[in-house]
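# I would like to see how this sequence folds:
(2 chains)
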Amino acid sequence: MNLKLYNTLTRRKEQFEPLAPPLVTFYVCGPTVYDYIHIGNARVFIIFDLVRRYLNYRGYRVRMVQNYTDIDDKMIRRAREEGHTVAELADRFIDAYKADTAGLLVRPADLQPRATEHIEPIIQLIKKLKERGLAYFSGGDIYFSAGNFRDYGRLSHQATDELLAGARVEPGEKKREPLDFALWKGKKEGEPAWDSPWGEGRPGWHIECSSMAMHYLGETIDIHAGGADLIFPHHENEIAQSSGATGKPFARYWLHAGYLNIEDRKMSKSLGNVLTVRHLLKEYDPRDLRFFILSAHYRSPLNFSRELIAQAAAGRKRLQEFVDNLYGALAGSGEEAAAPEEQIRTALAAARRRFSEAMDDDFNTAGAIAAFFELAREGNIYLQKGHPYNRALLEELLDFYRERNELFEVLKIRQPAPPDEEVLRAIAQREEARRKKDWEAADRIRDELQKQGIVLEDTPHGTRWKYGEATGIK
RNA sequence: GGCGACAUAGCCAAGUGGUAAGGCAGAGGACUGCAAAUCCUUUAUCCCCGGUUCGAAUCCGGGUGUCGCCUCCA
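Coordinates of the predicted model:
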């Protein structure tokens, strides 16, 4: 095992060593369920789903938790605007989240707890912080006293006095110091509330993640991940609350995904350029969206535009063609191969190595994808050298893509449909026409099949057919 | 103002000391009745200026530019 990952906490790549291998405890900050998720959210969920898959692939047993924030200011505001209860709003957008991420081929975390279903552990955690002198009661709310937590600012690498320079206490706020933040908010008229030792109220935003992460994964977890914008204050505050309560490190590795911009501009409601996953999935194949996102390193900023998606789609198509052609080639394969195999076998070994090295290096998906392409080129060369092909070799090539596609899920690895009598008959007719150099008839048959979604390709070894949608852009 | 990231071909994007992966697009060629697919060839003073080194895209210093965080935000 030689997996390295970039830890925001130390700002360097570190050897990954989980606390209790093969177990890896993994917490990802999930959505606030007040709206549809957008393409920027999608990047985060796709990336960390892939991280989980890769860890599993490397032999770890990953326990992944991702929360739903189903109570906070935004939830309350939106529910009020729409005339629903907060719970109704949450149910609706949790369903939407599940549908949208499924559409993106993201696999759900092992556990997806809701904040409102964990009020009791949250209260216990706040109690502990009060006992330790890290929290205080003020005007119906409970606040965390950031100044009393020595390591505050360590994750975002800001000294507390520098953070203070940009912060202030708004008039009407009840906290004592600018960096303090609410752990519990006293009930206001018309807001959902739960009983607590401090009266009715609701949890603050940061405390839910601390609570749920430790509740399900233990006081020190291996990996904590989220979008880069969560570094401060959310993750900083999570550390303060968790370590403050336990005296132990909270998370050992912090992973943060870079931003996704829209046509070189930050995506924001005010610019009106928020692209929802729901909308994009109507227009694009999810594999194209995934391929696009995975074609850059997860920590780099990534720019989204239709042009760039088209570029990615064109590249992905090449790989899809190759995999489809491997299946086609199996029809003309046997024990004895006509073509020399040394070159392709060398390429296969190199691709395996390259893929693993790239992924082990802080999940370098762009490098890993290059391995897909390099092997495809060599594979195509092999296929051109003439059948019969070595069946076992073709299977090995297919396995290469099948196994890694379990991680990336950017290709359709599927057996072609069984031979269609009608199609075969049409192809035979066309062959006959071509032999007679009756190009008009031959082209008519090809066009006819095309309309039915069947694409014909003439190769030196005969005519090959496949479904048009196999490689088309949705 | 404080903290930080990034700057590689027309476009996207790897590469952290040994003279530049991969993809898209373009051009030319091979194959082909045509088409499709595929293969081959072709395109980089690695933002600028210094420094360290036998050797730097890679390390150090200084510029310039872009972006982000410091406030809800994936």
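# find the closest residue to RNA strand B in the stretch 251-400 of chain A.
A:Gly315 (2.5 Å; Cβ to the nearest atom of the strand). Where you see a C-beta, it was placed from the backbone N, CA and C, and this is true even at glycine.
# correct me, but that residue touches A:Leu294?
No. With contact defined as Cβ atoms under 8 Å, A:Gly315 does not count as touching A:Leu294 (11.3 Å).
# if I look at the residue of the stretch 251-400 of chain A closest to RNA strand B, how far off is A:Glu448?
According to Cβ to Cβ, to the nearest Å, A:Gly315 stands 31 Å off from A:Glu448.
# who's more crowded, these two?
Higher neighbour count among A:Gly315 and A:Glu448: A:Gly315, with 18 against 12, using other Cβ atoms under 10 Å.
# can you tell me if stretch A:241-257 touches RNA strand B.
Yes. Applying Cβ under 7 Å from any atom of the strand, one finds stretch A:241-257 in contact with RNA strand B at A:Ala257.
# show me what the helix or strand where A:Met212 lies is packed against.
Assigned by DSSP states H and E, A:Met212 belongs to helix A:205-217. Contact here means 3 or more Cβ pairs under 8 Å, 6 or more residues apart in numbering; DSSP states H and E; on that basis helix A:205-217 packs against strand A:23-28, strand A:61-66, helix A:119-131, strand A:181-186, strand A:221-227, helix A:236-246.
# pipe the ones you listed into JSON lines and attach mean pLDDT per row.
What follows is the helices and strands packed on helix A:205-217, written out as JSON lines (pLDDT from 0 to 100):
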{"stretch": "strand A:23-28", "mean pLDDT": "97"}
{"stretch": "strand A:61-66", "mean pLDDT": "97"}
{"stretch": "helix A:119-131", "mean pLDDT": "96"}
{"stretch": "strand A:181-186", "mean pLDDT": "93"}
{"stretch": "strand A:221-227", "mean pLDDT": "95"}
{"stretch": "helix A:236-246", "mean pLDDT": "94"}
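# so which of the ones you listed gets nearest A:Asp35?
Nearest of the helices and strands packed on helix A:205-217 to A:Asp35, taken as Cβ to Cβ: strand A:221-227 at 15.4 Å.
# list the strands paired with that closest one, with their directions.
Taking DSSP bridges as the criterion, strand A:221-227 forms sheet pairs with strand A:23-28 (parallel), strand A:251-257 (parallel).
# ok, which of these comes nearest A:Leu393?
Across these, closest to A:Leu393 is strand A:23-28 (Cβ to Cβ), at 35.0 Å.
# quick one: buried residues of the closest one?
Buried residues in strand A:23-28, counted by 16 or more other Cβ atoms under 10 Å: A:24-28.
# cool, stretch A:396-414 as well?
So for stretch A:396-414, counting by 16+ other Cβ under 10 Å, buried means A:397-398, A:400-401, A:404-405, A:407-411, A:413.
# per-domain residue ranges of chain A.
Domain segmentation of chain A under automatic domain parsing yields A:4-136+A:153-166+A:203-257, A:304-408, A:421-470.
# highest mean neighbour count out of these?
domain A:4-136+A:153-166+A:203-257 (a mean of 19; mean count of other Cβ atoms under 10 Å).
# ends of that domain, how far apart?
Counting by Cα to Cα, to the nearest Å, you get 16 Å between the two ends of domain A:4-136+A:153-166+A:203-257.
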